[in-house]
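Asker: give the three-dimensional model of this entry:
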Amino acid sequence: QEAASHLGNQTRFPSLILGGGDVAWNKRGVRIPSEQRATQVFKKLFIAGTPEEEARELQRVKDGQSILDDVGDQIKALNRKVSGSDRERLDLFLSSVREAEHSLQQDEHWSLTPKPHVDFATPTQDFSGPQLVERSRLWYDIVHLALQTDSTRVVSLWLSSQERPEIPGVNLGHHDASPHGQDPAKLEQLALIEEAEIKVLGEFLEKMKLSKDGDQSLLDRTAIVHTSNLGNSSSHDNNNLPILLAG
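Answerer: Numbering: from 1, shown residues only. Next up is the predicted model:
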């Protein structure tokens, strides 16, 4: 979100928070909701709305701007009557109003700008919990397309499964294999899951490498951090986290 605060006004979406989970917060510590349905994210990024939907979206922006105008005027009037400590609280609230105003101005600009066309079949399925590989692949495809079309320059993606993923040879739930206690059978199961996850990540990096952005590859123009929330899943230890950097 710090990166988005510097880059976000250059793209349709300041950032994309995808996949679920708690992965992003604003400067005031408020969690930013995550988009959990890939089909809806694809639609928001690349599918043009009907004229009626676009008119409603533009009206939503204008309604929001008029409400913020009223709120701003009320705060300025109230500012002249309150104590210094209360004025500090109002200034904090007013800064939030200014951020919202700026966001609405961006929304108005982009609502009048056609969405990019991509050569990619519109996804019709979000893939359920056990379909970890398919779900991950779809999310990575959407991230690739979003970066390729410069729809955003900042993405947070959370990938997870608790149940048994549909991976050949795996007969344990992901959460059952993670607290392995050094059990060789569980470690073998966990290795199969993690190998499948990293293979899909590799496919994404290869697509980024093959996509051109000016005279460089899109991979060379992008900083990618891939990590886990646990260093040792068996003991729920979050020291020494595994981190992969690419790009």
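Asker: okay, CA-based contacts and neighbour counts for the rest of this
Answerer: Will do.
Asker: so how far is Q74 from the residue sitting furthest away from the middle of the chain?
Answerer: Residue farthest from the centre of the chain, counting by C-alpha atoms, centre = their mean, is K81 at 41.7 Å. K81 sits 11 Å away from Q74, going by C-alpha to C-alpha, to the nearest Å.
Asker: got it, and Q182?
Answerer: If you go by C-alpha to C-alpha, the gap between Q182 and Q74 works out to 63 Å.
Asker: ok, the residue lying closest to A24 once chain neighbours are set aside - how many residues close by?
Answerer: Once flanking residues are discounted, A24 sits nearest to I32: 5.6 Å by C-alpha to C-alpha, 6 or more residues apart in numbering. Around I32 there are 14 other residues, counting by other C-alpha atoms under 10 Å.
Asker: could I get the phi/psi values of the residue farthest from the centre of the chain?
Answerer: phi -110, psi -10 (degrees, to the nearest 10).
Asker: can you check the pLDDT for it?
Answerer: Looking at K81, its pLDDT stands at 77.
Asker: that one: what's it in contact with?
Answerer: For K81, no contacting residues are found, by C-alpha atoms under 8 Å, 6 or more residues apart in numbering.
Asker: where does the protein have low pLDDT?
Answerer: Under the criterion pLDDT under 70, the flagged ranges of the chain are 49-51, 53-55, 57-68, 72, 94, 97-98, 100-105, 107-110.
Asker: D220 and R135, how far apart?
Answerer: Counting by C-alpha to C-alpha - D220 and R135 are separated by 25 Å.
Asker: oh sorry, the question was meant for W158
Answerer: W158 is 11 Å from R135, by C-alpha to C-alpha.
Asker: mind jotting down where the helices sit in this protein?
Answerer: 2-7, 38-46, 51-79, 84-111, 132-148, 174-177, 184-210 (DSSP state H).
Asker: in JSON lines, list the ones you listed along with distance to W25 and mean neighbour count.
Answerer: Shown next, in JSON lines, are these (distance: least, C-alpha to C-alpha, whole Å; neighbours: other C-alpha atoms under 10 Å):
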{"stretch": "helix 2-7", "distance to W25": "10", "mean neighbour count": "13"}
{"stretch": "helix 38-46", "distance to W25": "19", "mean neighbour count": "17"}
{"stretch": "helix 51-79", "distance to W25": "23", "mean neighbour count": "14"}
{"stretch": "helix 84-111", "distance to W25": "14", "mean neighbour count": "15"}
{"stretch": "helix 132-148", "distance to W25": "20", "mean neighbour count": "20"}
{"stretch": "helix 174-177", "distance to W25": "26", "mean neighbour count": "20"}
{"stretch": "helix 184-210", "distance to W25": "25", "mean neighbour count": "16"}
